[in-house]
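Enquirer: How does the following fold in three dimensions:
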Amino acid sequence: MLRRTKIVATLGPATRSQAVLEQMIRAGVDLVRMNFSHGTAQDHVNSAETVRAAARACGRTVGILADLQGPKIRVRKFEKDKITLNKGDTFILDASMDGLGNQERVGLDYKDLPNDVEPGSILLLNDGMLEFHVLEVRGTEVVCTVVRGGILSNNKGINRKGGGLTAPALTDKDKEDIKTAALIQADYLAVSFPRTGDDMRLARSLMQAAGGTSLLMAKIERAEAIPVLDDIIEASDAIMVARGDLSVEVGDAAVPGLQKKMIKMARAKNRLVITATQMMESMITAPIPTRAEVSDVANAVLDGTDAVMLSAETAVGDYPVETIEAMARICLSAEKELDMVAHGCDQPQVVFTRVDQSIAMSALYAASHLKVKAIVALTQSGSTALWMSRSNGLVPIFAMTPMQSTLSKVTLFGGVHPIAFENNSTYPSVVLGAAEDELVRLGLVKQGDLVVMTIGETVGKSGQTNTMKIVRIGD
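Expert: Modelled structure (predicted):
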C-alpha cells in the first residue's frame, strides 16, 4: 500500500550527512525542511546538494522546503546564561539594554515591544512556559510581574497572548534568505508569522524577482492570522498549521479545532497543508512514540492533512530514522479509515472554471465508482495532479512528467507519487501506451489492471489536459 500522507523531516546536526539522509529517505521522507534560522547561505547550498545526492542514490525524488526565520521576538542573553524567576517577582524587559541580562532585567532583540504592549498585557515566554503581566511601560522598559515562573535562558521567544505584536513578517534577513532559496531552487518557501495575505504577496514578488519558482507556504502561528485566514490561504500555495507559537498566542485548547478548520479551508481552496509541531516529540530521546503522539499523527491524517512534519525529532534527535519509520506506520494505518471524498466531485452546485480541472474531477469520480488500480496524470505543471490530490481516496495517483521542478513539487501533494517520464511523441495514444509500459516496468500495475489516465491532446503544454481514458492494462 502506497502511503497517501507525506512526511517532512527537518535537517539538523543529527541528519546532515548523506549516509543518514539516505536512511531517512528509504524510511519514508518525502520532503526535507531547511530551517533558515540556523546556518549560512553556503550551508544551505551545501545541504541542498547533499539532499539531492541522497535522493538520487535512493532512486527517489525528494522536495526541499526553505523555512524563513521571520522576526526575532526574543530576549537577549544573560550573564550566567539563565535565571530562575518565581511567582510575584518583578522583571523588566528593556529594549535599550545592550549588556547581558541579570535577575532584574534583560535586553530585547525586538525593540518595538514597548510600543506594542500596555498595562494588563500578558506576555508568554519560552513557548508559554513563563507568564508575565505588564504592570507599566516606562520609555524603553516593559515592567512586568511574574505570574508563572520558571527558568528563563538565553534567546527565548516572546509572544503576546491574543496577538498584537507588530513585527513585520519579512525581515531584512528573510529578504536575503529568499535569494538563497531561489538559488538552491527550493520547491517551497515557508513564510513565518504572516499577518495578512499581503505578507504572502510580498514574499511571492521577492521570490519572483530573485528568479525563483518556489511555491509559497504560510505558517499560521499568529493570533492575527485567524480572522483573515481566507485571504492568507488565497494568497498562498500551501499553509502550515504551526501549532507551537499558535498555541501560545490563542491558547492550547483552541488549536485542535483550528487545525481541523484550517485543513478544511485549505483543501476547499485547492491548497496544500502541513501539520506540524511536537508530533513525535518524545522520540527526540526515546525509540518509540507515546500513545498520545500516535493518536495525534493519526488524527491529522484523518483530518485530511497532506503532510505531517518532524522538527527537533530529526534535527537533533537520537532516533531520526526510527521516528520516520514510526510516523510512516501510523499514517498507513490511519489511512485505512479514510473515505474517498473529492472536493467538488459530488456537488452539483460547484462550477469548474477550467477544462483540466473538470477532467481531474471526472477522473476522481470514475475512480471512486470503479475498482481501479491507479489514477495516472500525464502532466507538465502538476495542476491536474494537485486537483486530484484533494481526494481522500486510497487509489494512488501517479504524476508522470518530464519536468524536474514538477516532480519535486508533487512530493507534497497528498496521495500523489512523482514518476519521471519523457516521451517525444506528439500523439496522445502513443504517449499513453508508453506510460502504461513504464508503469508495468516499475511494478506499479500489472496486466489486467484497470487504470484511469488523463492527458492533453496538445502533448507537452501546461494547462492542456482535456482527455480522460479508462484503460485495462494490456488491452
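
Enquirer: Tell me which residues touch residue 457, please.
Expert: Residue 457 makes contacts with 428, 464, 466-467, as judged by CB atoms under 8 Å, 6 or more residues apart in numbering. From N, CA and C alone the C-beta is placed, and that goes for glycine too.

Enquirer: Residue 392 versus that one, what's the distance?
Expert: 30 Å (CB to CB, to the nearest Å).

Enquirer: now do residue 382
Expert: 19 Å.

Enquirer: Between those two, which is the more surrounded one?
Expert: residue 382 (24 against 20; other CB atoms under 10 Å).

Enquirer: residues near residue 415, how many?
Expert: Counted with other CB under 10 Å, residue 415 comes out at 24.

Enquirer: mind starting the numbering at 231 from now?
Expert: Let's use 231 as the start, then, which means that last one is residue 645.

Enquirer: can you tell me which residues contact the nearest residue to residue 695 once chain neighbours are set aside?
Expert: Computed as CB to CB, 6 or more residues apart in numbering, the closest residue to residue 695 that is not its neighbour in sequence is residue 586, at 3.9 Å. Shown in contact with residue 586 (CB under 8 Å, 6+ apart): 613-614, 617, 686, 693-696.

Enquirer: what do you get if the cut-off is 10 Å, keeping everything else the same?
Expert: 607, 609, 611, 613-614, 617, 684, 686, 692-696 (CB atoms under 10 Å, 6 or more residues apart in numbering).

Enquirer: which ones among these are found in helices?
Expert: Here DSSP state H is the test, and the contacts of residue 586 give 613-614, 617 as lying in helices.

Enquirer: Take these and lay them out in JSON lines including pLDDT.
Expert: What follows is these, written out as JSON lines (pLDDT from 0 to 100):
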{"residue": "613", "pLDDT": "91"}
{"residue": "614", "pLDDT": "92"}
{"residue": "617", "pLDDT": "90"}
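
Enquirer: Which one of these sits in the busiest neighbourhood?
Expert: Going by other CB under 10 Å, residue 614 tops the ones in helices among the contacts of residue 586 with 29 neighbours.

Enquirer: distance of that one from residue 642?
Expert: Taking CB to CB, one finds residue 614 at 16 Å from residue 642.

Enquirer: what ranges of the stretch 481-630 of the chain fall below the confidence cut-off?
Expert: Within the stretch 481-630 of the chain, the segments meeting pLDDT under 70 span 569-580.

Enquirer: residue boundaries of the strands in it?
Expert: 502-506, 537-540, 604-608, 627-631 (DSSP state E, counting those that start in this stretch).

Enquirer: need the ones you listed in JSON lines with distance to residue 598 and mean neighbour count, can you?
Expert: Listed next are the strands of the stretch 481-630 of the chain as JSON lines, based on distance: least, CB to CB, whole Å; neighbours: other CB atoms under 10 Å:
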{"stretch": "strand 502-506", "distance to residue 598": "21", "mean neighbour count": "26"}
{"stretch": "strand 537-540", "distance to residue 598": "23", "mean neighbour count": "26"}
{"stretch": "strand 604-608", "distance to residue 598": "10", "mean neighbour count": "27"}
{"stretch": "strand 627-631", "distance to residue 598": "12", "mean neighbour count": "26"}
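
Enquirer: and residue 412, which of those strands is closest to it?
Expert: Ranking the strands of the stretch 481-630 of the chain by proximity to residue 412 (CB to CB) places strand 502-506 first, at 19.9 Å.

Enquirer: give the contact list for the nearest residue to residue 304 once chain neighbours are set aside.
Expert: Spatial nearest neighbour of residue 304, excluding adjacent residues (CB to CB, 6+ apart): residue 339 at 4.7 Å. For residue 339, the contact set (CB under 10 Å, 6+ apart) comprises 301-306, 325, 385, 387-388, 397.

Enquirer: Against residue 679, how distant is residue 339?
Expert: Taken as CB to CB, the span from residue 339 to residue 679 is 58 Å.

Enquirer: Return the set of buried residues in the longest helix seen in the chain.
Expert: Counting by DSSP H, the longest helix found in the chain is helix 271-288. Buried residues in helix 271-288, counted by 16 or more other CB atoms under 10 Å: 274, 277-278, 280-282, 284-285, 288.

Enquirer: Could you list the domains of this structure?
Expert: 236-300+399-564, 312-390, 585-702 (automatic domain parsing).

Enquirer: Report the rounded mean pLDDT for stretch 421-433.
Expert: Stretch 421-433 shows a mean pLDDT of 97.

Enquirer: Which residue ranges of the stretch 431-580 of the chain form helices?
Expert: For the stretch 431-580 of the chain, the helices defined by DSSP state H, counting those that start in this stretch occupy 459-464, 473-480, 485-498, 521-533, 542-545, 550-565.

Enquirer: the inter-axis angle of the fourth one versus helix 473-480?
Expert: Between the axis of helix 521-533 and that of helix 473-480 there is an angle of 90 degrees, by axes from the mean of the first three to the mean of the last three CA atoms, to 10 degrees.

Enquirer: Repeat that for the last one.
Expert: An angle of 70 degrees separates the directions of helix 550-565 and helix 473-480 when computed by the same axes, to 10 degrees.

Enquirer: Next, count neighbours for residue 386.
Expert: 17.

Enquirer: hang on, the earlier thing: looking at the ones in helices among the contacts of residue 586, which is nearest residue 701?
Expert: Distances from residue 701 to the ones in helices among the contacts of residue 586, taken by CB to CB, are shortest for residue 614, at 16.4 Å.

Enquirer: Would you confirm that that closest one contacts residue 587?
Expert: Yes. Assessed by CB atoms under 10 Å, residue 614 is found in contact with residue 587 at 8.0 Å.

Enquirer: before we move on, the earlier item: pipe the contacts of residue 586 into TSV and attach distance to residue 493 per row.
Expert: Output for the contacts of residue 586, formatted as TSV (distance: CB to CB, whole Å):
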residue	distance to residue 493
607	23
609	24
611	24
613	21
614	22
617	17
684	26
686	31
692	28
693	27
694	31
695	26
696	31
